[in-house]
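*Asks:* Here is a sequence with its predicted model. Questions after.
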Amino acid sequence: MKNETVKTGMKIGATVGGLVFAVFGIMPGFYFGSYGTLILLQKLMGGAVEPTLFVRAAVVMGIVVGISCAAAVSLVVGGLLGTAAGYIVSAPAAMRRQHAAMEKA
């Protein structure tokens, strides 16, 4: 069972990850999603890609996937780092409780 310090650390870490995504993650997600889609379409079509409706729709979907992946990575990494920080902060208190329990026994 998690204690409150670890849960709070996880929530703070995920929030910080979301803020980092909002500041630094939207543009790379947009860029890599659109660029990756264009490269994939170029390989599939065997040459230069004409700006048809299909290509434009595929690029928009690639942008959505790129931004979604960047958001997921930012939130998960932020949550993991926050959880680790929560464990580090709560470790001395857990050690004191364990030491006190050993002295009573």
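*Replies:* Arrived safely. Residues are numbered from 1 along each chain as shown.
*Asks:* Give me the pLDDT for residue 75.
*Replies:* You'll see residue 75 listed with a pLDDT of 94.
*Asks:* Show me what the longest helix seen in the chain is packed up against.
*Replies:* When the chain is parsed with DSSP state H, its longest helix is helix 53-104. Contacts defined by 3 or more Cβ pairs under 8 Å, 6 or more residues apart in numbering; DSSP states H and E place helix 53-104 against helix 4-20, helix 26-45. (C-beta placed from N, C-alpha, C; glycine too.)
*Asks:* Point out where this structure drops to low pLDDT.
*Replies:* 1-2, 105 (pLDDT under 70).
*Asks:* one more time with 80
*Replies:* Counting by pLDDT under 80, the chain contains low-confidence ranges at 1-2, 93-94, 104-105.
*Asks:* re the thing from before, please identify which of the helices and strands packed on helix 53-104 is closest to residue 102.
*Replies:* Proximity to residue 102 (Cβ to Cβ) singles out helix 4-20 among the helices and strands packed on helix 53-104, at 21.8 Å.
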